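Asker: Give me coordinates for this.
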Amino acid sequence: MNYQLLVRSPPNTSAIETSQALLQAGHTIAQVFFHGDGVYHAQGQIPSEALDVATAWHALAQNHDFPLLVCISSAVKRGIYQDTQKDQANLAPGFEICGLGSFMEITTQVEGFMVL
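Answerer: Numbers count the residues shown, from 1 in each chain. Next up is the predicted model:
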């Protein structure tokens, strides 16, 4: 099955582990969309003792060829910016800021949907 994932939980390893389990079971991921507190998974500048989930997501997405999309309104509300605002850029590599339209566009093309 081809899945679309919606990550709304703050950074933790369970969302990544669930994604890895789907892939290991032979499923594919069409996209991962980060919304609400889930956008913190995409934060690139984090304290060294914090959980670096952004790097794990980036590696997983590269290995399995799916996009990591971050809701623009959730990101801005939580102080996460992409490189167009260089002085405040803190979006991790491999993530892309987009609107809800990008999320909705894929929903008709997948067989499975999961909220993490």
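
Asker: can we go C-alpha only for contacts and neighbour counts from here?
Answerer: OK.

Asker: Could you list the low-pLDDT ranges of this protein?
Answerer: Judged by pLDDT under 70, the chain has its weakly predicted residues at 45-51, 83-88.

Asker: Quick one: the strands in it, in order.
Answerer: 2-7, 28-34, 68-71, 95-98, 112-115 (DSSP state E).

Asker: Contacts for the second one, please.
Answerer: Outside strand 28-34, the residues that touch it by Cα atoms under 8 Å, 6 or more residues apart in numbering are 1-8, 22-23, 41-42, 64, 66-71, 103, 106, 110.

Asker: and the spatially closest residue to Ala56 that is not a sequence neighbour, what does it touch?
Answerer: Nearest residue to Ala56, sequence neighbours excluded (Cα to Cα, 6 or more residues apart in numbering): Ile16, at 7.5 Å. Counting by Cα under 8 Å, 6+ apart, Ile16 touches 53, 56-57.

Asker: Generate a ChimeraX selection restricted to the buried entries among those.
Answerer: Buried residues among these (16 or more other Cα atoms under 10 Å), as a ChimeraX selection:
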select :53,57
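
Asker: So which of the contacts of Ile16 are in helices?
Answerer: 53, 56-57 (DSSP state H).

Asker: and which of those is nearest Ile80?
Answerer: Nearest to Ile80 among the ones in helices among the contacts of Ile16, counting by Cα to Cα, is Val53 at 15.0 Å.

Asker: doesn't Ala15 make contact with the closest one?
Answerer: No: when contacts are counted by Cα atoms under 8 Å, Val53 is not listed as touching Ala15 (9.5 Å).

Asker: For Lys77, which of the strands of the chain is the nearest?
Answerer: Closest to Lys77 of the strands of the chain, according to Cα to Cα: strand 68-71, at 10.1 Å.

Asker: Just the residues contacting that closest one, thanks.
Answerer: Contacts of strand 68-71 (Cα under 8 Å, 6+ apart): 31-36, 39, 42, 57-58, 61, 94-100.
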